[in-house]
Structures are given as structure tokens and as C-alpha cells.
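K.L.:
dropping the sequence and predicted coords here.
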Amino acid sequence: ASGGASGIQLLTGGVNRIVVESAGNVVINETSVDADFRVESNGNANMLHVDGGNNGVGIGTTGTTVPLTVNGGTGSAASIQLGNHGDNAGIYAKYSLTIKADSTEAISDRSIEFKIGTHQAFYSNVAGTVFNEAGADANFRVESQNNANAFFVSGASGLVTASEQFNTSSATSKIGHTSQ
């Protein structure tokens, strides 16, 4: 390592690897070589892995080919927590957002679910999609351009309301409950 008025520099093989600037900023890989940066935890050799060649960050994994990959490890789910108790958090995309349960392995029970607290509001897997699987008193509605309740299912009563006429010319439409 060599120091100077502008800070501290760590060189290996004549290449500047780490710079601690006099203002306190720390720069790793200033020369943009194809070199990885890795931080180990007690149980994961790649708790944080910056892939210099693929320009990606892996949390709990290496070999990422996208900007960010999170891996929960063997037997544990990858989770990302946004915000603290009482805070709001959001996931935003500039153009589009895709949420996909995918694997190169032959896994038949891939699924996506959205929960509010312990209430499973939405669940989808290869067998189908369910809203309000636990049967909570939670309503489901579809809005149209001019109607906030164009299609409405009451969580309390189970009644279905549709404010527009159903087109029955090409298919059979059934609404209601039939007792045997």
C-alpha cells in the first residue's frame, strides 16, 4: 500500500485495487478490471459477491448474469424485506415489471403469492390462480373505465355483482349458487 496527500492506495501487480480518498470515500476496482469482490459471512462464502465481468451483484450466490441476484441458500427461501414496522415500501419499474416463478429444474409446485399480513390475497401456480384462498371477509373487484365496481365479489356474502350485461351469444354464463 502506498499513501499520499490524496489518500491511500492499495496496488497489486502495479494495478490500483482499492483507494481510500482523503474525503473518506472508498473505491474498489477503480481501473475497471474483470475482478470480483466478495464478502463472507459465518455460513456463506459469497454473502455479497460483485461480479466484475458480468457487472452484477449476488447476495448469497455467485455467477449472476443480471444486475442483482438474491439466493436464500439451500433449504431456505430468498427474501427481501423492504422498510421497517410502520413504513411503506414499494417496487417500481420504469416501463414494466415481471414477477416470475421460474426454474431450470423440473419443479411442479412453483408459485407466486401475495400476502397482506397473514391473509393470502392472491396465489397462483401451474394448477391455477386463487384470490382469497383462506375465505377471509375480503372483497374482490374489477374496475372499468367508468365504474369502480364493474365486477364485484363480496367476501362476506359471496354474492357476485356485474354492472355490465354479459355477452352470452358465444358462451354460457352462470352466476349464482345451486342447491341440490
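P.N.:
Right, received. Where do you want to start? These numbers were taken from a predicted model, which means no experiment stands behind them.

K.L.:
what's around Thr61, how many residues?
P.N.:
19 (other C-beta atoms under 10 Å). Backbone N, C-alpha and C define where each C-beta goes, glycine included.

K.L.:
and for Val130, the neighbour number?
P.N.:
Neighbours around Val130, by other C-beta under 10 Å: 14.

K.L.:
name the nearest residue to it, ignoring sequence neighbours.
P.N.:
Once flanking residues are discounted, Val130 sits nearest to Tyr123: 4.9 Å by C-beta to C-beta, 6 or more residues apart in numbering.

K.L.:
now do the phi/psi pair for the one you found.
P.N.:
Here is the backbone geometry of Tyr123 (degrees, to the nearest 10): phi -140, psi 130.

K.L.:
report pLDDT for the closest residue to Ser32 other than its chain neighbours.
P.N.:
In this structure, Ser32 finds its nearest non-sequential neighbour in Gly52, 7.9 Å apart by C-beta to C-beta, 6+ apart. Looking at Gly52, its pLDDT reads 91.

K.L.:
got any ranges where the protein has weak pLDDT?
P.N.:
Scanning the chain for pLDDT under 70 picks out the ranges 1-5, 73-76, 85-86, 102-109, 164-180.

K.L.:
ranges for the strands of it?
P.N.:
2-4, 7-12, 15-21, 26-28, 37-39, 48-51, 56-59, 68-70, 111-116, 119-125, 128-131, 140-142, 151-153, 160-162 (DSSP state E).

K.L.:
for the fourth one, packing partners?
P.N.:
It refers to strand 26-28. With contacts taken as 3 or more C-beta pairs under 8 Å, 6 or more residues apart in numbering; DSSP states H and E, strand 26-28 sits against strand 15-21.
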